[in-house]
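> Sequence and predicted structure, then a few things I'm wondering about:
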Amino acid sequence: MRDAAFIARADLSFMLRQRETLLWVFLMPLLFFYFIGTVTGGFGSGSGERPDPLALQTAAQQGPILDEIIRRLEQQHYRVDRPVARAELDTYRRRLSIPVFTEESVRSRTPVTVTFELKDGGLGADFDQLRVSRAVYTVVADLAVLQASDQPVTAEAFKALASAPRPLTLTVTSAGHRRDPPSGFSQAVPGTMVMFTMLILLTSGAILLVVERQAGLLRRLASTPITPGSIVLGKWISRMALGLVQLAFAMIVGRLVFGVDWGSSLPMVILVLLTWAAFTASLALLLANVARTMAQMAGIGVLTSMVLAALGGCWWPIEITPKWMQSLSLALPTGWTMDAMHKLVNFGYDWTAALPHVGVLAVATVICGWGGAKIFRYQ
């Protein structure tokens, strides 16, 4: 163990001194956190902390009906803006046009056409349509009640209707664990962590071993009293340690900067990521003994990482994909890890729900590690 620890310290120290490693371990994940988290925030449209901007076009300046529609839109998590200039209007993705809507038009039953436009479909377009329709239709329903009871259309009348007892109420409770797909940073931070750990270890970590073999450094180690087992173990420990450094940094930044809540089962989350780092270290060791050149290892590492990340749910919530793709993800190591992370972090499962995932990753770690040690070569 002393020889293995010496090799692990030397390798880890060398890798952390490389500018390329520092870039991809500490800087690039942050950029991906922000970019992917911002883009995928649309998966949960209306559920974020900031209201969604909506441009309102209307000839009416004010009035109880218009005020009530605006209030209902704000209840649906919109920030209602009334831009004047056409150039300013074009910057909005959501635009709502309402003609003059007065008590006289209600009394005379004059048809009024409300138009909602989306600049592009995008993610959550149907949800936008639902929220706007709900805001408008509930106002129309209240107007029908006021007209039937021959009451004036005033702000006080709307308030009275809102406070009136309901003869029929609907109570909604969860029938089980939350199942709506995570969005924004809740998806981007864990997904990017899993992807970048594999990417770093299958490129920088594995390529270093190929370089050492080509440069004859491993042959020099063969002439020392250090056993092959100690060399392999030291190489494995150093790469696992590099993965843990990246994961720990990403978890801290994810919590402090991007507000990710790691859930109530934090020890199990750490154990899942620990086994993920161990698996990727074993896979890196195995592939580094298969590849013959740096170019081969770089190609294998990047291609393997990108394909497994895409199919395993690192780029988007796997829950939004077809059933066959969700089933496929559970046959991949990235899918095992992301499924465990979603259950623990986003869906509120107990820590025992991730035990099968940890077990499978541990078995895969042993298999890949044994394979890497079996075919380990000095030249």
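Perfect, I can see it now.

> which residues in the stretch 1-150 of the chain form strands?
52-58, 78-81, 94-98, 115-118 (DSSP state E, counting those that start in this stretch).

> Using a markdown table, lay out those strands together with mean pLDDT, distance to residue 7 and mean neighbour count.
No exception for glycine: its C-beta is placed from N, CA and C like everyone else's. Putting the strands of the stretch 1-150 of the chain into a markdown table (pLDDT from 0 to 100; distance: least, Cβ to Cβ, whole Å; neighbours: other Cβ atoms under 10 Å) gives the following:
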| stretch | mean pLDDT | distance to residue 7 | mean neighbour count |
| --- | --- | --- | --- |
| strand 52-58 | 86 | 54 | 18 |
| strand 78-81 | 90 | 57 | 16 |
| strand 94-98 | 88 | 58 | 19 |
| strand 115-118 | 88 | 58 | 13 |
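
> between those, which gets nearest to residue 339?
Closest to residue 339 of the strands of the stretch 1-150 of the chain is strand 52-58 (Cβ to Cβ; 29.9 Å).

> Break down the stretch 151-300 of the chain into its strands, ranges please.
Under DSSP E, counting those that start in this stretch, the stretch 151-300 of the chain gives no strands.

> how about low-confidence regions in it?
Scanning the stretch 151-300 of the chain with the threshold set as pLDDT under 70 gives 172-180.

> how about a cut-off of 90?
Regions of the stretch 151-300 of the chain meeting the criterion pLDDT under 90 cover residues 151-188, 203-206, 208-209, 212-232, 257-261, 263-265, 289-294.

> Indicate which one of the strands of the stretch 1-150 of the chain is closest to residue 282.
strand 52-58 (44.9 Å).

> got the angle for that closest one vs strand 94-98?
Interaxial angle, strand 52-58 versus strand 94-98 (axes from the mean of the first three to the mean of the last three Cα atoms, to 10 degrees): 30 degrees.

> name the helices or strands packed onto strand 52-58?
In terms of contacts (3 or more Cβ pairs under 8 Å, 6 or more residues apart in numbering; DSSP states H and E), strand 52-58 is packed against helix 64-75, strand 78-81, strand 94-98.

> now these in JSON lines, with distance to residue 35?
Putting the helices and strands packed on strand 52-58 into JSON lines (distance: least, Cβ to Cβ, whole Å) gives the following:
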{"stretch": "helix 64-75", "distance to residue 35": "29"}
{"stretch": "strand 78-81", "distance to residue 35": "23"}
{"stretch": "strand 94-98", "distance to residue 35": "22"}
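
> Quick one: closest of the strands of the stretch 1-150 of the chain to residue 243.
Per Cβ to Cβ, nearest to residue 243 of these: strand 52-58, 37.6 Å.

> Sheet partners, orientation included, of that closest one?
Strand pairing for strand 52-58, using DSSP bridges, gives strand 78-81 (parallel), strand 94-98 (parallel).

> Sounds good, over and out.
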